[in-house]
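Chemist: coordinates only, no sequence provided:
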């Protein structure tokens, strides 16, 4: 891992939690987290603290940040500081309840230290300054969320996804940042185009309904237009602008910017496959079983392991109710033979 990028992630994480991260910096952080997904868990946990006592937390932050500020930012190498933290087992008391979800590793120590430093100096040296200018919604695996933006736009956020937008959204612009998958029903406003920023592309619209899928771990970026008109501005060495018509879908193979194609959205049993998840259905069209398994892992917060090489070669087409993972596996099992077991959140295909 590039040391400069590693340091930059620490800095951006600290800025994010301290309330001083700009929209541009958030986009940079999202790019780095996609590039280095090992930091994603730390980020998700650190932005959602659940301390018991705010006063105790503030007191611990001040003492902890003051003690390590000079070591980190006035010449001491970060790894040396972390070694001392680990060696002396230095840990603020209010963090002890957190240790059940994370090992007190070097990376975590650096991020926590950075968090304390920026929150401390932001409160001491920037009194009266405006805090973070971003609203953010995150859905975990196994959950979906619906939100109404200030302009009247409806957003349905799929599992394991995140959307961010400025607190002054709709005052001068309508920009959102998406990681994962979302369906948008955009309120018309010719004076202010609605723009969805993802790692792979920016989608610009005036008033329309469309779906965007850009999970960091997926090999493809997809956007499907239901009605209206959108302009997709592809990022990369040679940026491209592509206009979609109703019922068209753009599919782009990541890391191969020239490899993209336009196709029609897929209808199966009167269901639009690309947006069926919004109505609690899962639709697969000639999808491989491992690909389906990845989708089930995201939708039901399970892990699926294949111990049947033949089953891993299966392909399926069908519309399934999004109820339980066992219900879907039972139907797939009828179509083509395999067995499975479920233990807690672990599924084994054999």
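Modeler: Perfect, I can see it now. Just so you know, these numbers come straight off a predicted model, no measurement behind them.
Chemist: name the helices or strands packed onto the helix or strand in which residue 304 is found?
Modeler: Per DSSP states H and E: residue 304 is located in strand 303-306. With contacts taken as 3 or more Cβ pairs under 8 Å, 6 or more residues apart in numbering; DSSP states H and E, strand 303-306 sits against helix 289-300, strand 346-349. Heads up, the C-betas are built off the backbone N, CA and C, glycines and all.
Chemist: residue 181: neighbour count?
Modeler: Counted with other Cβ atoms under 10 Å, residues neighbouring residue 181 total 25.
Chemist: ok, back up a step: quick one: mean pLDDT for the next helix or strand after the strand holding residue 304?
Modeler: Moving toward the C-terminus from strand 303-306, the next helix or strand (DSSP H and E) is strand 315-321. Mean pLDDT, strand 315-321: 92.
Chemist: one more: stretch 216-225?
Modeler: On average, stretch 216-225 scores 90.
Chemist: adding mean neighbour count, mean pLDDT and distance to residue 333, write the helices and strands packed on strand 303-306 out as CSV.
Modeler: CSV is the format used below for the helices and strands packed on strand 303-306 (neighbours: other Cβ atoms under 10 Å; pLDDT from 0 to 100; distance: least, Cβ to Cβ, whole Å):
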stretch, mean neighbour count, mean pLDDT, distance to residue 333
helix 289-300, 19, 94, 11
strand 346-349, 17, 95, 10
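Chemist: could I get the ones you listed as JSON lines with distance to residue 250?
Modeler: JSON lines is the format used below for these (distance: least, Cβ to Cβ, whole Å):
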{"stretch": "helix 289-300", "distance to residue 250": "19"}
{"stretch": "strand 346-349", "distance to residue 250": "32"}
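Chemist: residue 201 is nearest to which of those?
Modeler: helix 289-300 (21.1 Å; Cβ to Cβ).
Chemist: re earlier: ok, residues contacting the strand holding residue 304?
Modeler: Contact partners of strand 303-306, identified using Cβ atoms under 8 Å, 6 or more residues apart in numbering, comprise 289-290, 293-294, 296-297, 312, 345-349.
Chemist: what do you get if the cut-off is 6 Å, keeping everything else the same?
Modeler: 293, 297, 312, 346-349 (Cβ atoms under 6 Å, 6 or more residues apart in numbering).
Chemist: mind listing what's buried in that strand?
Modeler: Of all the residues in strand 303-306, those buried under the rule 16 or more other Cβ atoms under 10 Å are 304, 306.
Chemist: same question, stretch 171-190
Modeler: Per 16+ other Cβ under 10 Å, stretch 171-190 contains these buried residues: 174-187.
Chemist: coming back round to it: quick check: the farthest pair among the contacts of strand 303-306?
Modeler: Longest span within the contacts of strand 303-306, Cβ to Cβ: 312 and 346, 17.0 Å.
Chemist: which among the contacts of strand 303-306 gets closest to residue 329?
Modeler: Once Cβ to Cβ is applied, the member of the contacts of strand 303-306 that ends up nearest residue 329 is residue 347, at 7.3 Å.
Chemist: wait, that closest one sits on residue 300?
Modeler: No - applying Cβ atoms under 6 Å, one finds residue 347 not in contact with residue 300, separated by 8.9 Å.
Chemist: ok so, going back, could the contacts of strand 303-306 go into JSON lines alongside distance to residue 33?
Modeler: Formatted as JSON lines, those follow (distance: Cβ to Cβ, whole Å):
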{"residue": "293", "distance to residue 33": "24"}
{"residue": "297", "distance to residue 33": "19"}
{"residue": "312", "distance to residue 33": "30"}
{"residue": "346", "distance to residue 33": "26"}
{"residue": "347", "distance to residue 33": "27"}
{"residue": "348", "distance to residue 33": "30"}
{"residue": "349", "distance to residue 33": "30"}
